[in-house]
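**Student:** Need coordinates for the following:
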Amino acid sequence: MNETIKILIEVAYMVSAVTFILGLKMLSKPTTAIKGNIISGLGMCLAIAVTLVNPVIKSYEWIIIGGLIGSVIGAIAAIKVPMTSMPGFVAFFNGTGGLASMLVGWSDFHVTYTGKGYGEYSLENIVLILATYLAMLIGGVTFSGSMVAYAKLEEKIQGKPILFKGQQLVNAVVLGLGILIGVLFFASPNGPLIYPAVILLMILANILGILVTIPIGGADMPVVICLLNSYSGMAACASGFVLNNTVLIVAGSLVGASGIILTAIMCKAMNRSLANVLFSGFGSSEGAVSTSVTGEVKALSPEDAYFVLEAARSVVFVPGYGMAVAQAQHVVKELADLLEKNGAEVKYAIHPVAGRMPGHMNVLLAEANVPYDQLLEMDDINPIIDTVDVCIVVGANDVVNPSAREDPKSAIYGMPIINVDYAKTCFVLKRSLASGFSGVENPLFFKENTRMIFGDAKQTLTALVNQFKEAQE
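**Tutor:** Next up is the predicted model:
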């Protein structure tokens with residue numbers, strides 16, 4: 001009977017794995033994303049259900065307690081966390097996944113070491129030792145690194161890179177000690193020094209996670225989120241081997257692989273290598289090369305901006321993190337509807353690294369029910385942007401900075417941007433002339449066809465909406 005149950009569990013795991021793959025594929029298209037999310041969720045429910053009927057489980061008290069606590073925390077967080085905090089929320093959950101994998105590795109090691117031991121070398125034992133080591137190492141790095149990313153995103157610590165002398169050497173020493181413990185663990189898994197060495201490994205892993213994340217600035221957070229997501233997947237995959245759980249191995253592999261792919265896409269969008277993102281201290285006051293930008297700023301009131309928009313036949317919104325902070329996405333949609341009613345064609349240009357995580361702007365605009373067919377990627381809008389009457393930049397900065405295209409001395413030179421300065425008129429909605437997260441000044445503000453509309457983006461857009469409504473009455 002037990003053998004039959006084991007076979008049925010493995011079959012159910014395979015079905016779950018297929019739903020994960022199908023769901024992930026469907027997430028690649030806006031029209032099928034919701035259905036893909038539901039299919040993946042149902043697959044996970046199946047995996048959890050069949051795991052709980054496994055004959056090796058003798059007691060359910062702690063499982064039920066843990067499940068209830070986790071469900072309550074997750075539900076409250078999902079309901080109460082605002083969209084502006086979603087990047088930090090994702091980073092935090094990546095960290096909890098890493099912590100879970102680290103604890104799985106530690107728990108299995110503790111039970112095995114204090115019990116029967118690892119026994120003679122065999123393929124099964126070699127895989128178990130390696131997986132246990134990787135679960136603790138990668139899980140620890142993911143946990144502490146994600147907590148630092150969360151603190152930076154939520155501005156609990158400064159978002160700029162934190163650098164100190166000899167930082168790379170310290171990182172190398174900590175990593176080297178972690179690898180040395182791995183070699184010792186593999187060479188003598190039942191030795192008397194292994195228990196304290198494994199505890200030291202987890203401490204070093206968490207220290208390493210902090211050290212490799214603090215030098216990364218806010219401008220690089222979309223890449224970091226992707227990378228930490230990949231780490232959490234690899235840690236989960238390792239813990240799957242530790243537990244000999246097929247569905248956990250598959251799910252972890254999918255998350256790890258997709259995270260790496262997305263990291264590569266983000267790096268390409270910034271025209272920078274992953275090593276440059278991780279080790280350059282981009283945006284630090286010590287390392288940034290800034291070219292002084294001078295010129296005359298031409299400010300405009302919302303009332304005057306209305307007359308330009310009223311005559312426009314094509315308008316493109318370019319959202320950035322400022323839109324998220326101002327929670328202006330709904331007002332953007334309202335203004336877009338009024339512009340369309342007035343006869344203008346409206347589009348939204350999305351830069352791959354706008355905001356603090358991949359897809360940040362897409363999520364916000366979807367929340368405001370913006371049609372997906374109006375969203376254009378950078379490569380689609382740039383060839384036609386010189387035909388656009390008005391570009392409205394809502395809180396974006398670095399992703400529209402012409403220095404990336406024009407100034408070889410700029411720290412962001414070579415980064416692909418949305419060429420909003422090529423439009424006939426460009427409105428920039430911003431509180432001040434302050435630089436973005438890269439710390440690079442923006443010559444867009446002084447361009448001949450640029451008009452600055454200072455103030456809170458939501459209030460400015462609301463004023464424009466009111467102007468259109470008054471004119472229609």
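**Student:** and Ala78, what helix or strand is that in?
**Tutor:** Element membership of Ala78, judged by DSSP states H and E, is helix 61-80.
**Student:** Report the mean per-residue pLDDT for that helix.
**Tutor:** Averaged across helix 61-80, the pLDDT comes to 88.
**Student:** Which elements pack onto the helix or strand just after it?
**Tutor:** Counting by DSSP H and E, the next helix or strand C-terminal to helix 61-80 is helix 86-114. For helix 86-114, the packing partners by 3 or more Cβ pairs under 8 Å, 6 or more residues apart in numbering; DSSP states H and E come out as helix 123-153, helix 194-213, helix 221-243, helix 360-367. Every C-beta, even on glycine, is put in place using the N, C-alpha and C of the backbone.
**Student:** for stretch 410-423, the distance to its chain's centre please.
**Tutor:** Relative to its chain's centre, stretch 410-423 lies at 22 Å (Cα atoms, centre = their mean, to the nearest Å).
**Student:** Of the helices and strands packed on helix 86-114, flag the one that's most buried.
**Tutor:** For these, the largest average neighbour count (mean count of other Cβ atoms under 10 Å) is found in helix 221-243, namely a mean of 26.
**Student:** quick one, that one and helix 123-153 angle?
**Tutor:** Orientation check (axes from the mean of the first three to the mean of the last three Cα atoms, to 10 degrees): helix 221-243 against helix 123-153 gives 150 degrees.
**Student:** For the helix or strand that comes right after helix 221-243, buried residues please.
**Tutor:** Heading C-terminal from helix 221-243, the first helix or strand you meet, by DSSP H and E, is helix 246-270. Buried residues in helix 246-270, counted by 16 or more other Cβ atoms under 10 Å: 246-256, 258-260, 262-263, 266-267, 269-270.
**Student:** same question, stretch 320-331
**Tutor:** In terms of neighbour count (16+ other Cβ under 10 Å), stretch 320-331 has its buried residues at Gly320, Tyr321, Gly322, Met323, Ala324, Ala326, Gln327, Ala328, Gln329, His330, Val331.
**Student:** Pull the contacting residues for the second one.
**Tutor:** The reference is to Tyr321. Ala354, Gly355, Arg356, His360, Gly395, Ala396, Phe437 (Cβ atoms under 8 Å, 6 or more residues apart in numbering).
**Student:** Show me which helix or strand of this structure is least confident by mean pLDDT.
**Tutor:** Every helix and strand of the chain was ranked by mean pLDDT, DSSP states H and E. The lowest is helix 274-279, at a mean of 70.
**Student:** What is the subsequent helix or strand relative to it?
**Tutor:** Note on helix 274-279: by DSSP H and E, the next helix or strand toward the C-terminus is helix 302-311.
**Student:** Now do that following helix: distance to the chain's middle.
**Tutor:** How far helix 302-311 lies from its chain's middle: 36 Å, per Cα atoms, centre = their mean.
**Student:** Mind listing what's buried along it?
**Tutor:** By 16+ other Cβ under 10 Å, the buried positions in helix 302-311 come out as Pro302, Ala305, Tyr306, Val308, Leu309, Glu310.
**Student:** and of those residues, the nearest to Ile9?
**Tutor:** Leu309 (61.0 Å; Cβ to Cβ).
**Student:** From Lys347, how far out is that closest one?
**Tutor:** Going from Leu309 to Lys347 by Cβ to Cβ, to the nearest Å gives 14 Å.
**Student:** what does Val308 give?
**Tutor:** Separation of Val308 from Lys347 (Cβ to Cβ) stands at 17 Å.
**Student:** again with Asp386
**Tutor:** Using Cβ to Cβ, Asp386 is found at 14 Å from Lys347.
**Student:** Between those two, which is the more surrounded one?
**Tutor:** Taking other Cβ atoms under 10 Å, Asp386 and Lys347 do not tie; Lys347 has more neighbours (21 against 11).
**Student:** State the number of residues packed around Tyr372.
**Tutor:** Neighbourhood size, Tyr372 [other Cβ under 10 Å]: 13.
**Student:** Now it. Nearest residue, chain neighbours left out?
**Tutor:** Pro30 (4.1 Å; Cβ to Cβ, 6 or more residues apart in numbering).
**Student:** got a pLDDT number for Leu42?
**Tutor:** pLDDT, Leu42: 94.
**Student:** what does Pro319 give?
**Tutor:** Looking at Pro319, its pLDDT reads 94.
**Student:** Check Glu286 too.
**Tutor:** At Glu286 the predicted local distance difference test score is 42.
**Student:** just Ser438 next, same as before
**Tutor:** Ser438 is given a pLDDT of 65.
**Student:** Ok, the one 4 residues further on next?
**Tutor:** You'll see Asn442 listed with a pLDDT of 89.
**Student:** So it sits against Ser435, correct?
**Tutor:** Yes: between Asn442 and Ser435 there is a contact under Cβ atoms under 8 Å: 6.5 Å.
**Student:** For the stretch 101-250 of the chain, give me the ranges with low pLDDT.
**Tutor:** Scanning the stretch 101-250 of the chain for pLDDT under 70 picks out 218-219.
**Student:** what about 80?
**Tutor:** Within the stretch 101-250 of the chain, the ranges that satisfy pLDDT under 80 run 119, 155, 158-161, 217-222.
**Student:** before we move on, what SS does Ile417 have?
**Tutor:** coil (DSSP: H, G, I helix; E, B strand; the rest coil).
**Student:** For it, which residues are in contact?
**Tutor:** Ile417 sits in contact with His351, Met378, Asp398, Val399, Val400, Asn401, Pro402, Ala404, Arg405, where contact means Cβ under 8 Å, 6+ apart.
**Student:** Against Val318, how distant is the residue nearest to it when sequence neighbours are not counted?
**Tutor:** In this structure, Ile417 finds its nearest non-sequential neighbour in Ala404, 4.8 Å apart by Cβ to Cβ, 6+ apart. Going from Ala404 to Val318 by Cβ to Cβ gives 14 Å.
**Student:** gap between Leu175 and Ser146?
**Tutor:** Following Cβ to Cβ, the distance that separates Leu175 from Ser146 is 18 Å.
**Student:** How about Ile34?
**Tutor:** From Ile34 to Ser146 the distance is 27 Å (Cβ to Cβ).
**Student:** hang on, the earlier thing: so for Ala404 and Val318, which sits in the more crowded spot?
**Tutor:** Set side by side, Ala404 and Val318 show more neighbours around Val318, with 30 against 22, by other Cβ under 10 Å.
**Student:** still on that earlier bit, which ones among the buried residues of stretch 320-331 lie within strands?
**Tutor:** Within the buried residues of stretch 320-331, no residue falls in strands by DSSP state E.
**Student:** Nearest to Pro222 among those?
**Tutor:** Nearest to Pro222 among those, counting by Cβ to Cβ, is Tyr321 at 10.4 Å.
**Student:** now the buried residues of helix 302-311 as TSV including pLDDT and distance to Ala77?
**Tutor:** Conversion of the buried residues of helix 302-311 to TSV gives the following (pLDDT from 0 to 100; distance: Cβ to Cβ, whole Å):
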residue	pLDDT	distance to Ala77
Pro302	90	36
Ala305	92	39
Tyr306	92	40
Val308	93	42
Leu309	93	39
Glu310	92	43
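**Student:** Mind putting those residues into CSV with distance to Glu470?
**Tutor:** Output for the buried residues of helix 302-311, formatted as CSV (distance: Cβ to Cβ, whole Å):
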residue, distance to Glu470
Pro302, 12
Ala305, 14
Tyr306, 9
Val308, 16
Leu309, 14
Glu310, 11
